[in-house]
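*Asks:* build me a model:
(one chain, ligands or ions: 1)
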Amino acid sequence: SSRFNGIQVAPPIEVFAVMKAFNESTHEKKVNLSVGAYRTDEAKPWVLPVVRKVESDLAADMSLTHEYLPILGLDSFSTAAAKMLLGADHKAISDGKVTSLQVLSGTGGLRIAAEFLHRVLKYDTCYISKPTWGNHRMIFAQAGFTTVSEYRYWDASTRGLNFDGMIEDLQNAPENAVVILHACAHNPTGVDPTEDQWKKIAEVIEEKKLFPLFDTAYQGFASGDLDKDAWSVRYFADKGFEMIATQSFSKNFGLYNERVGNLVFVVNEPSNIVPMRSQLTLLVRGSYSNPPAHGARVVSAVLNNDALFEEWRGCIKTMSGRIIEMRKALRERLEKLGTPGTWDHITNQIGMFSFTGLTAEQSKYLGEKYHIFLLSSGRINMCGLTTGNIDYVAEAVDDAVR
Ligand code: PLP
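*Replies:* Residues are numbered from 1 along each chain as shown. So this is what the prediction gives:
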């Protein structure tokens, strides 16, 4: 007998299962369009040169130790990250209305935010977009939210935003519901609201007394421009919303496994910050005690040095630029092949992902026949495309759709 008898096998996490299928495939032309990470045109991971440089400086710095960081992390990182998000001279910052803490990347930031909203503010309902990043629901449910509802987002017929549906669903949300918004480069659809649409979303959130939470996982990675990609968050901050934003440095710094993130609060009354930080301290202490230092030191070094910052901006332009090129290349090829359907959504969408409109069946066919691996939702990671495999992929998609 065992205490552990009878435990059900949990369902696999699709993206890791697809990754495994890719790794196990021996097909010489296999293509991985599933994983959420940047790849070079040689389909290789990329350590940003500016990151390499800072890492070698850190390795040579004999004054650095492996002592614990404070519970709320490295201040020089967290402060610079909040400025990067809101803009260095945002009034909320100079008015002392912003506080932030280093967390375990985007995921950890969302989890601590959810714990805080649930345990401290006693919120129990949140709204996520339909569809959204697969982890949102689990994070909020595991943190104690009893209702995780969806607001309409993707419109399969236009392959764009279902704006009216979104607004209607938010209008029907109960007071204090937390609305999780993707600051830019919506995952998985690649579809973002326009500036005018954001204004209307803000109006409804204000009117219905909802609580905005911006998941910012792709700042700079989407358009190549840090300010442009933060437009939605800054607009809400300009409007005087109290809100939370999580920042991930996984994609824009290529620091995936270092777990570098920041959790930012914008508040109306600065006097609330001391008690808030004390509660956040307990939440972090009871979860993982304190965050790791290495990645935060790298990001801090870059954000706090003009020359390194410029170099990094070049790197995000390289990454976002390659993605935009691949979008154009894929669309061009599909249109040239006369692949049934319209393909302008490929270039209208932004960021790492594209919701192609391929069905689960077509996605499966691509895996089985061509060893091109993507999620059953038809989401592809544009970074998986290279000048070397784009013709192969376009022809395979053409075959799958016919
Ligand atoms: N939020 C969104 C929308 C994402 O796409 C991701 C990563 O794929 C994350 C958050 C969190 O990633 P990480 O925990 O690596 O920062």
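*Asks:* name the nearest residue to Gly295, sequence neighbours excluded.
*Replies:* If you skip the residues right next to it in sequence, Gly295 has Glu258 as its closest partner in space, 2.9 Å away by Cβ to Cβ, 6 or more residues apart in numbering. All C-beta atoms are positioned from the backbone trio N, CA, C, and that covers glycine.
*Asks:* could you pull out the strands for the stretch 1-150 of the chain?
*Replies:* 31-32, 98-104, 125-130, 147-152 (DSSP state E, counting those that start in this stretch).
*Asks:* do the same with the stretch 201-350 of the chain
*Replies:* 211-216, 243-248, 260-266.
*Asks:* who's in contact with Ile390?
*Replies:* By Cβ atoms under 8 Å, 6 or more residues apart in numbering, the contact set of Ile390 is 326, 329-330, 333.
*Asks:* quick check on it: phi, psi?
*Replies:* Backbone dihedrals for Ile390, given as degrees, to the nearest 10, come out at phi -70, psi -40.
*Asks:* what's the distance between it and Ser377?
*Replies:* Computed as Cβ to Cβ, to the nearest Å, the Ile390 to Ser377 distance reads 21 Å.
*Asks:* sorry, back to before: which residues touch the residue nearest to Gly295?
*Replies:* Glu258 sits next to 105, 249, 292, 294-295, 298 when contact means Cβ under 8 Å, 6+ apart.
*Asks:* just these that are near the ligand?
*Replies:* When Cβ under 6 Å from any ligand atom is applied, the members of those adjacent to the ligand are Ser105.
*Asks:* which of the contacts of Glu258 count as buried?
*Replies:* Buried residues within these, defined by neighbour count using 16 or more other Cβ atoms under 10 Å: 105, 249, 292, 295, 298.
*Asks:* any idea how far the nearest residue to Leu58 once chain neighbours are set aside is from Ala37?
*Replies:* Distance criterion Cβ to Cβ, 6+ apart; nearest residue to Leu58, sequence neighbours excluded, is Arg297 at 5.8 Å. Using Cβ to Cβ, one gets 22 Å for the distance from Arg297 to Ala37.
*Asks:* those two: which has the busier surroundings?
*Replies:* The neighbour count for Arg297 versus Ala37, taken as other Cβ atoms under 10 Å, is higher for Arg297 (22 against 16).
*Asks:* state the pLDDT value of that one.
*Replies:* Taken from the predicted model, the pLDDT recorded for Arg297 is 98.
*Asks:* cool, the one 10 residues further on as well?
*Replies:* Per-residue confidence (pLDDT) for Ala307: 98.
*Asks:* what's the burial count for Ser1?
*Replies:* Here the number of neighbours of Ser1 (other Cβ under 10 Å) works out to 4.
*Asks:* do the same with Gly338
*Replies:* Around Gly338 there are 8 residues (other Cβ under 10 Å).
*Asks:* and stretch 32-46 with the ligand, contact?
*Replies:* Yes. Contact between stretch 32-46 and the ligand is present through Gly36 (criterion: Cβ under 6 Å from any ligand atom).
*Asks:* over to that stretch now: how far is its first residue from its last?
*Replies:* For stretch 32-46, the first-to-last residue distance is 16 Å (Cα to Cα, to the nearest Å).
*Asks:* what's in contact with it?
*Replies:* Contacts of stretch 32-46 from elsewhere in the structure, counted by Cβ under 8 Å, 6+ apart, are 15, 18-19, 22, 31, 187, 221, 251, 254, 256, 319, 322, 352-353, 372-375, 380-381, 383-389, 393.
*Asks:* equivalent analysis for stretch 281-295, please.
*Replies:* Residues external to stretch 281-295 that are found in contact with it (Cβ under 8 Å, 6+ apart): 58, 66, 68-74, 101-104, 108, 111-112, 115-116, 119, 249, 253, 255, 258-260.
*Asks:* ok, now with 7 Å
*Replies:* By Cβ atoms under 7 Å, 6 or more residues apart in numbering, the residues outside stretch 281-295 that reach it are 68-74, 102-104, 112, 115-116, 249, 255, 258-260.
*Asks:* around the ligand, pick out the residues from the stretch 201-350 of the chain.
*Replies:* Residues of the stretch 201-350 of the chain lying close to the ligand by Cβ under 6 Å from any ligand atom are 215, 217, 248, 250, 256, 261.
*Asks:* residues contacting the last one?
*Replies:* Okay, so that is Gly261. So, once contact is read as Cβ under 7 Å, 6+ apart, Gly261 ends up touching 103-106, 108-109, 246-249.
*Asks:* okay, and the beta partners of it?
*Replies:* As for beta bridges, Gly261 partners with Val103, Ser248 under DSSP bridges.
*Asks:* pLDDT at it, what is it?
*Replies:* The pLDDT attached to Gly261 in the predicted structure is 98.
*Asks:* now render the contacts of Gly261 as JSON lines, adding distance to Met84 and pLDDT.
*Replies:* Conversion of the contacts of Gly261 to JSON lines gives the following (distance: Cβ to Cβ, whole Å; pLDDT from 0 to 100):
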{"residue": "Val103", "distance to Met84": "15", "pLDDT": "98"}
{"residue": "Leu104", "distance to Met84": "19", "pLDDT": "98"}
{"residue": "Ser105", "distance to Met84": "15", "pLDDT": "98"}
{"residue": "Gly106", "distance to Met84": "14", "pLDDT": "98"}
{"residue": "Gly108", "distance to Met84": "18", "pLDDT": "98"}
{"residue": "Gly109", "distance to Met84": "14", "pLDDT": "98"}
{"residue": "Thr246", "distance to Met84": "13", "pLDDT": "98"}
{"residue": "Gln247", "distance to Met84": "8", "pLDDT": "98"}
{"residue": "Ser248", "distance to Met84": "12", "pLDDT": "98"}
{"residue": "Phe249", "distance to Met84": "10", "pLDDT": "98"}
